[in-house]
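[1] 3D model of this:
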Amino acid sequence: MKKILAGLSLLFYINGSGQIFTLTDIIIQAKENSLAFRSAGSEQKLAQLYYASFKAGLRPSLSFYGNVPVYNKDNYAVTQPDGSIKFLPRSQNYSNLGIGFSQPLPFSGGTVSVNTDLYRFDDFTAKTKQYNGTPVFIRLSQPLFNYNPFKWDKQIAPLKLLEAGQKYKAGLLQLEYEVCRLFFTIITAQVEEQLATTNFQNNTANLSIEKRRVQLGVSAEDKVLQLEMQQIQSQQQQSTSQFNIRNAFAELYTYINTGDTTVKQLQLPETLPVSLPPKETVIELAKQNLPQYIAFQRKRKEAESKTTEAKMQGKQIDLVASYGLNNAAADISTIYRNPQDQQRFSIGFNIPITGWGKRKNSIAIAKQQQEQTELNIKQEEGKLIVEITGLAEELPVLKNYVRQSLILDTLSQKRFAITTRLFQSGKVSLLELQAAQAAKDNAKREYIAALRRFWESYYSLKSKTGAGF
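    As a prediction, this is how the structure comes out:
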């Protein structure tokens, strides 16, 4: 039975190649395959596409437009000298083609365009045709004292792109934390399985010795029963731990998105970082690397933009000026020989005289929202700094606690080994042996828990500062 259990233990700890996997190995694998990694990359790519689209909207555009053909055959009313109406048939075509080159003006919110177009009119009833063309036509459309979305988009769009890049980096660091958490879930289950297996083996040896003592009449039957009960409990713990190991590996493999199903041997990350960053350093790193700080800038700009828009709401003054050369003729070539000046200038406006306080309320709402945004930002920033500072101050404490837990683990194992020898030689009681075994197991669990708390806090601090150390 002892050999069978030892074989099962090896089956659950070693894969076919016997390779040992570290936490770093699993993190690298997760970065290569995990859906979380792909999702972070996809979000960054989407942000880059949005930014490229925004930049394209600021560049000049060239368009080809027209309506060909525009044919109409009907009867139209003609008023006669005596006031009566006579319906006459007509058959006509009125087509046009044009090319336009336009350029937005981000600094002013206007648009300037250069166009050329040609119109053709056919009267099939009278069998005549005529052309009207504009060889060149320059047009400026400029809102005056209006909200300029180009100005604000030009400030906000780069922040959105930078925020997406920082989110991608932060997502990778958050991935490291999640892998660390899943890694130690497996380690904890494996340690429980090891403890159960070791205890079963020790109980088997002690049970054999105690049975001989009963036969010699130097021990009581109840000690044999206690050892048999402990043996069964160890088997139960072993089965439960093996089940937990399989589930923990399944959860890890699902997260890192691999088709692997083997239970691997994992190496406990017992070597701790030599130096840890002080809290002043991690706060500066957070301000430089966290997407939240870029988001703070973006939110401030967006709130300021909405306040500006509310202040200008209701005022609409548009200036439209154009200059071009135009001509009409019976053939196309004449259109481009001696074109005449064509000028247009207009100012359209719509200024409300009274809105019953609507504009005033809109401005007040926007200002209040801007103030609330600033309060929310300060609250979020304060919370971030508290979390980061707490982790930075906690890490040295946890590091020292890991060292102390390792010492306790080593001492408890030595004590248990000595107590076991004394029990087998009949110098200590079963109760003392059980106490030593419980202390050994608890010390091992506490050491693993201390390591887990340290590394989870370490990777959590990395994710909350957006940088590695």
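[2] quick one: secondary structure of the residue of the chain positioned farthest from its centre?
    Residue farthest from the centre of the chain, counting by C-alpha atoms, centre = their mean, is Asp82 at 79.1 Å. Judged by DSSP: H, G, I helix; E, B strand; the rest coil, the three-state class of Asp82 is coil.
[3] Backbone dihedrals for Phe124, please?
    Main-chain dihedrals, Phe124, degrees, to the nearest 10: phi -70, psi -20.
[4] Count residues in the vicinity of it, would you?
    13 (other C-beta atoms under 10 Å). Where you see a C-beta, it was placed from the backbone N, CA and C, and this is true even at glycine.
[5] Can you give me the pLDDT of it?
    pLDDT, Phe124: 89.
[6] Ok, Lys414 next?
    96.
[7] Just the element for it, please.
    helix 358-424 (DSSP states H and E).
[8] and that helix, how far from the chain's centre?
    Here helix 358-424 is found 22 Å from its chain centre; the criterion is C-alpha atoms, centre = their mean, to the nearest Å.
[9] Buried residues of stretch 452-469, list them for me.
    Neighbour counts over stretch 452-469 (16 or more other C-beta atoms under 10 Å) mark 452-467 as buried.
[10] no no, stretch 255-270
    Buried-residue list, stretch 255-270, by 16+ other C-beta under 10 Å: Tyr255, Ile256, Val263, Lys264, Leu266, Pro269.
[11] now swap in stretch 296-315 and tell me
    For stretch 296-315, burial by neighbour count (16+ other C-beta under 10 Å) applies to 296, 298-299, 302-310, 312-313, 315.
[12] And for stretch 42-52?
    Result for stretch 42-52 [16+ other C-beta under 10 Å]: buried residues Gln44, Ala47, Tyr51.
[13] Secondary structure and pLDDT added to these, as JSON lines?
    Formatted as JSON lines, the buried residues of stretch 42-52 follow (DSSP: H, G, I helix; E, B strand; the rest coil; pLDDT from 0 to 100):
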{"residue": "Gln44", "secondary structure": "helix", "pLDDT": "88"}
{"residue": "Ala47", "secondary structure": "helix", "pLDDT": "89"}
{"residue": "Tyr51", "secondary structure": "helix", "pLDDT": "91"}
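[14] Nearest to Thr240 among those?
    Thr240 lies nearest to Gln44 out of those, by C-beta to C-beta, at 42.5 Å.
[15] any chance you could read off phi and psi for Arg59?
    Torsion angles, degrees, to the nearest 10, at Arg59: phi -90, psi 160.
[16] Contacts only, for it.
    Gln103 (C-beta atoms under 8 Å, 6 or more residues apart in numbering).
[17] I'd like to know which of the buried residues of stretch 42-52 is nearest to Pro273.
    Gln44 (28.8 Å).
[18] and Ala52, what element?
    Per DSSP H and E: helix 35-57 holds Ala52.
[19] same for that helix, what does it pack against?
    Helix 35-57 is packed against helix 23-33, helix 149-216, with contacts defined by 3 or more C-beta pairs under 8 Å, 6 or more residues apart in numbering; DSSP states H and E.
[20] mind checking the end-to-end distance for stretch 118-131?
    7 Å (C-alpha to C-alpha, to the nearest Å).
[21] what about it, distance to the chain center?
    Worked out by C-alpha atoms, centre = their mean, stretch 118-131 lies 62 Å from the chain centre.
[22] show me what contacts the nearest residue to Pro158 once chain neighbours are set aside?
    With C-beta to C-beta, 6 or more residues apart in numbering as the criterion, Pro158 has its nearest non-adjacent residue at 7.4 Å, and that residue is Tyr51. Contacts for Tyr51 (C-beta under 8 Å, 6+ apart) come out as Ala157, Pro158, Lys160, Leu161.
[23] Can you name the next helix or strand after the helix holding Lys414?
    That would be, after helix 358-424 and using DSSP H and E, helix 430-465.
[24] Packing partners of that next one?
    Against helix 430-465 (3+ C-beta pairs under 8 Å, 6+ apart) you get helix 149-216, helix 221-256, helix 279-289, helix 358-424.
[25] got the angle for that helix vs helix 358-424?
    150 degrees (axes from the mean of the first three to the mean of the last three C-alpha atoms, to 10 degrees).
[26] okay, the longest strand anywhere in the chain in PDB with CA atoms only?
    Longest strand of the chain, by residue count under DSSP state E: strand 85-105. Taking Å, rounded to 0.1, in the frame of the first residue of the first chain, the C-alpha atoms of strand 85-105 are listed here in PDB:
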ATOM      1  CA  ILE A  85     -53.100  77.500 -67.800                       C
ATOM      2  CA  LYS A  86     -52.000  75.400 -70.700                       C
ATOM      3  CA  PHE A  87     -50.100  72.100 -70.100                       C
ATOM      4  CA  LEU A  88     -47.200  71.500 -72.400                       C
ATOM      5  CA  PRO A  89     -45.100  68.400 -72.700                       C
ATOM      6  CA  ARG A  90     -41.400  68.500 -72.000                       C
ATOM      7  CA  SER A  91     -38.500  66.000 -72.100                       C
ATOM      8  CA  GLN A  92     -35.300  67.100 -70.300                       C
ATOM      9  CA  ASN A  93     -32.100  66.000 -68.700                       C
ATOM     10  CA  TYR A  94     -30.200  68.000 -66.100                       C
ATOM     11  CA  SER A  95     -26.900  66.300 -65.200                       C
ATOM     12  CA  ASN A  96     -23.800  67.400 -63.300                       C
ATOM     13  CA  LEU A  97     -20.300  66.100 -62.400                       C
ATOM     14  CA  GLY A  98     -17.800  67.600 -60.100                       C
ATOM     15  CA  ILE A  99     -14.500  67.100 -58.200                       C
ATOM     16  CA  GLY A 100     -14.000  68.600 -54.700                       C
ATOM     17  CA  PHE A 101     -10.900  69.000 -52.600                       C
ATOM     18  CA  SER A 102     -11.700  70.000 -49.000                       C
ATOM     19  CA  GLN A 103      -9.500  70.600 -45.900                       C
ATOM     20  CA  PRO A 104     -10.800  71.000 -42.300                       C
ATOM     21  CA  LEU A 105      -9.300  73.900 -40.300                       C
END
